[in-house]
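**Q** structural data only, the sequence is not supplied:
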């Protein structure tokens with residue numbers, strides 16, 4: 001009986017000491033990057049903003065709780081890792097240019113319940129604290145190019161979109177890049193494989209119209225692909 005009680009007492013101590021990470025209004029955001037790039041500064045700003053929206057204004061406490069943002073050269077451009085430490089510290093690390101930013105948005109969405117539904121509509125829960133337990137999560141978008149028909153850069157970045165169809169500008173603060181073909185944003189097949197050069201020898205790579213391979217119809221309308 002004594003052994004059983006001892007086991008329960010020990011388990012209680014372990015749960016207390018290694019119970020994982022608890023986020024509340026006393027949690028401090030710390031940028032652990034000496035020369036952060038614009039997208040990493042965005043991550044810091046957004047994390048501070050939404051922690052305050054969820055828990056209220058930051059209030060220091062003796063527990064010294066922290067969320068640390070770090071750049072990790074071993075991680076890819078959009079890869080991130082979220083890991084809790086035994087002392088309750090949470091680290092969001094990522095590659096460049098979007099890793100830290102994506103890790104921050106993923107954390108706010110999946111762990112704290114913040115959802116960006118449209119450019120002007122968001123859902124932010126009001127909480128006293130969130131017990132995250134122990135976390136060691138590696139994240140990476142499944143598709144290299146992710147397009148949303150929206151010109152709001154902040155909204156698309158928050159939803160982990162890396163191609164913006166509504167503008168030709170890709171601001172550094174959201175880490176955007178063009179992932180589509182190098183000779184144009186889209187509708188660029190004929191610049192990659194010009195019919196004048198390839199159609200005669202390789203008609204099979206062009207459109208099949210009414211049983212025949214063509215790169216344009218009788219009216220001159222192109223048979224290019226999107």
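**A** Here it is on my side, so go on. Since this is a predicted model, take the numbers as computed values, not measurements. Numbers count the residues shown, from 1 in each chain.
**Q** the longest helix along the chain: which residues count as buried?
**A** The residue-count maximum for a helix in the chain (DSSP state H) belongs to helix 38-55. For helix 38-55, a neighbour-count test (16 or more other CB atoms under 10 Å) marks 39-44, 46-47, 50-51, 54-55 as buried. C-betas here are computed from N, CA, C, even on glycine.
**Q** residue 27 and residue 65 touch, don't they?
**A** Yes - with contact defined as CB atoms under 8 Å, residue 27 counts as touching residue 65 (4.4 Å).
**Q** tell me which of these two has more neighbours.
**A** residue 27 (26 against 19; other CB atoms under 10 Å).
**Q** and the more buried one, what pLDDT?
**A** Residue 27 carries a pLDDT value of 97.
**Q** residues contacting it?
**A** 51, 55, 58, 65-67 (CB atoms under 8 Å, 6 or more residues apart in numbering).
**Q** which members of these are the farthest-apart pair?
**A** Longest distance between any two of the contacts of residue 27 is 14.4 Å, between 55 and 66; criterion CB to CB.
**Q** show me what the longest helix of the chain is in contact with.
**A** 23-25, 27, 29, 31, 33, 36, 58, 67, 69, 71, 92, 96-98, 100-101, 103-105, 107-108, 112-114, 124-130, 157-158, 171-175.
**Q** can you show me the helices along the protein?
**A** Going by DSSP H, the chain shows helices at 2-17, 38-55, 99-106, 153-158, 189-192, 195-198.
**Q** now those helices as JSON lines including mean pLDDT and distance to residue 137?
**A** Below are these laid out as JSON lines (pLDDT from 0 to 100; distance: least, CB to CB, whole Å):
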{"stretch": "helix 2-17", "mean pLDDT": "42", "distance to residue 137": "21"}
{"stretch": "helix 38-55", "mean pLDDT": "98", "distance to residue 137": "16"}
{"stretch": "helix 99-106", "mean pLDDT": "98", "distance to residue 137": "8"}
{"stretch": "helix 153-158", "mean pLDDT": "93", "distance to residue 137": "18"}
{"stretch": "helix 189-192", "mean pLDDT": "77", "distance to residue 137": "38"}
{"stretch": "helix 195-198", "mean pLDDT": "88", "distance to residue 137": "46"}
